[in-house]
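Undergrad: predicted model, plus sequence, below.
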Protein chains: 2
Amino acid sequence: MGIARLLVVDDDEEMRLMLTDFLRRSGFHVTPAACGTEIEEALARGRIDLILLDVMLGDESGVEICARLRRDHEMPIILVSALSADHQRMAGYEVGADDYIAKPFNPELLLARVRAVLKRARRTPSLVYRRSGGHFAFAGWHYDGKRDEVTSPAGFQVALSRRETELLKVMLANPHIPLSREEIAEALGDEGEASGRAIDMLVTRLRAKIERDPKAPELLKTLRGTGYVLAADVSLSEG
Amino acid sequence: MGIARLLVVDDDEEMRLMLTDFLRRSGFHVTPAACGTEIEEALARGRIDLILLDVMLGDESGVEICARLRRDHEMPIILVSALSADHQRMAGYEVGADDYIAKPFNPELLLARVRAVLKRARRTPSLVYRRSGGHFAFAGWHYDGKRDEVTSPAGFQVALSRRETELLKVMLANPHIPLSREEIAEALGDEGEASGRAIDMLVTRLRAKIERDPKAPELLKTLRGTGYVLAADVSLSEG
DNA sequence: GCCTCCTGTTACACCCCGTTACGAAGCACC
DNA sequence: GGTGCTTCGTAACGGGGTGTAACAGGAGGC
């Protein structure tokens, strides 16, 4: 798994720098963000294991952002806030945050919470796309679990077969994460041994429907000898 | 069966959040609801295994709601109330609640009751539509057992043949539950072995009468290799 | 008897999806 | 750079599941 990647979101610059610095010293890979736009950019750019989200962002409520992130990315989230009132805490859990920390907090406590959430998230298989009415989004692609529909970045509805939809769901639920054929098959619920090239064919057929040029896939890429990934834009391998 | 899905109904926000949080931590999938409308929405949205219902809702008596839910959905229900008087308890059972808990209650006790009711409900076959004068409703569709009539969401009476009515009854009695052809045939009282494609034809003919576009059914959906479901947002898999 | 409606059967077409085979591309090794 | 092995893309095939049109038998009303 390597070093855990945190996304620290706070519109207050001092706080953001302090958190970033502290967590980097603690051994994490940290990406700072100040607003919703920067969150999306960071998520599109690379894998993120956990988001530390301030609830008091200027332009948008952190709780709303949290709800959206949860819905679209199934991402572990710790909410950070100056408000420790119980109902606020509850609103945090309500939208699906994994934990909730009130400012000012003990740095060690923060570390403990971060590690706890990461551990829990790691224990849960990463192929956690099995939610009812799940919603996944990545790079403009959307899967709406309620309707079981896929829409393209342009907004068009794409007609996928059941199995193709399942595959896309698995990939959307694990952006930037290399998945082996075995992992994909397992996530798809395939029992028994891996049956040859079935996954390959699935990928090919899905590509034919979602890639602009199936010969040069931009979204569903092959990792030779390893498996497949969803759209890792490697050019921006920001340290 | 997977994770049991509870619907927690309480108009008091604090209580609702507390219950929701507690039950989620206990490993259940919980949908909160504050009023009758939200109950209906939740039921239309996905499968629910058990309803935890406060009897003291503001706008409508929980007992009445319970009676209606029982009548329309044949759903396991636990009534929760601050009133522990015996006659109230009796009124609870009277309307068909599976259990009755007085507030304040021991959380562990609540868990035990919830599990007991779920276990009991699981043992009962799901094809429980054989009740006298049954009444079933789902997504705006109604079957009135007294008159043996079906009405559409728009309120129109739909002319179905005997067998089509029976099929719709079975499906209405098992919303969101995938039914195999064998299960359907059995519920319809068909003796002997499954006679080929009879169920398929029944489904096709029923669709022609109740679906807006029979080619793209929104209500009575096919689960390839499995059977049919009534209007589930089938992100099937989901255990 | 004749007509109508209901319902199961059959046949055919279509779609989904895994398998197989073959060629191209990638990679190691010399 | 050449050789050979491995991995991958893809075209073609085939089996199985499902929708549906057509048909036939049966029940019931006239």
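TA: Yep, that arrived.
Undergrad: show me where pLDDT drops low in chain A?
TA: Applying pLDDT under 70 to chain A picks out residues A:1-2, A:57-63, A:71, A:74, A:82-97, A:104, A:120-134, A:146, A:192-195, A:232-239.
Undergrad: which residue comes closest to the residue nearest to the spatial centre of chain A once chain neighbours are left out?
TA: Against the mean C-alpha coordinate of chain A, by Cα atoms, centre = their mean, the closest residue is residue A:73 at 4.0 Å. Nearest non-adjacent residue to residue A:73, counting by Cβ to Cβ, 6 or more residues apart in numbering or on different chains: residue A:43, 6.4 Å away. In short, each C-beta sits where N, CA and C put it, glycine included.
Undergrad: any idea which element the one you found lies in?
TA: Using DSSP states H and E, the element containing residue A:43 is helix A:36-45.
Undergrad: what are the pairing partners of the next helix or strand after that helix, and which direction each?
TA: The first helix or strand that comes after helix A:36-45 along the chain, using DSSP H and E, is strand A:50-54. Looking at strand A:50-54 with DSSP bridges, its partner strands are strand A:5-9 (parallel), strand A:77-81 (parallel).
Undergrad: make a markdown table out of those strands and add mean neighbour count.
TA: As requested, these are exported to a markdown table (neighbours: other Cβ atoms under 10 Å in any protein chain shown):
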| stretch | mean neighbour count |
| --- | --- |
| strand A:5-9 | 24 |
| strand A:77-81 | 24 |
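Undergrad: of all the ones you listed, which lies closest to DNA strand D?
TA: strand A:5-9 (25.1 Å; Cβ to the nearest atom of the strand).
Undergrad: how far out from the middle of the chain is the closest one?
TA: 12 Å (Cα atoms, centre = their mean, to the nearest Å).
Undergrad: now it and helix A:36-45, what's the angle there?
TA: On the basis of axes from the mean of the first three to the mean of the last three Cα atoms, to 10 degrees, strand A:5-9 is oriented at 170 degrees to helix A:36-45.
Undergrad: ok, and what's touching the next helix or strand after strand A:5-9?
TA: Moving toward the C-terminus from strand A:5-9, the next helix or strand (DSSP H and E) is helix A:13-25. With contacts defined as Cβ atoms under 8 Å, 6 or more residues apart in numbering or on different chains, helix A:13-25 is touched by A:6, A:8, A:9, A:10, A:30, A:32, A:34, A:52, A:54, A:107, A:110, A:114.
Undergrad: for the second one, give the beta-bridge partners.
TA: With DSSP bridges as the criterion, the beta-bridge partners of residue A:8 are residue A:32, residue A:52.
Undergrad: just checking, it touches residue A:30?
TA: Yes - using Cβ atoms under 8 Å, residue A:8 is in contact with residue A:30, at 5.7 Å.
Undergrad: on that earlier part again, return the member of the contacts of helix A:13-25 nearest to residue B:203.
TA: residue A:9 (49.7 Å; Cβ to Cβ).
Undergrad: now for the closest one: which residues touch it?
TA: Applying Cβ under 8 Å, 6+ apart, the residues contacting residue A:9 are A:16, A:32-35, A:38-39, A:51-54, A:57, A:62, A:65.
Undergrad: then residue A:8?
TA: Residue A:8 touches A:16, A:19, A:20, A:23, A:30, A:31, A:32, A:33, A:52, counting by Cβ under 8 Å, 6+ apart.
Undergrad: distance check, the residue nearest to residue A:73 against residue B:101.
TA: According to Cβ to Cβ, to the nearest Å, residue A:43 and residue B:101 sit 43 Å apart.
Undergrad: which of the two has more neighbours?
TA: residue A:43 (23 against 20; other Cβ atoms under 10 Å in any protein chain shown).
Undergrad: give me the distance between that one and DNA strand C.
TA: 27 Å (Cβ to the nearest atom of the strand, to the nearest Å).
Undergrad: wait, that residue sits on residue A:137?
TA: No - Residue A:43 sits out of contact with residue A:137 when judged by Cβ under 8 Å, with a separation of 9.6 Å.
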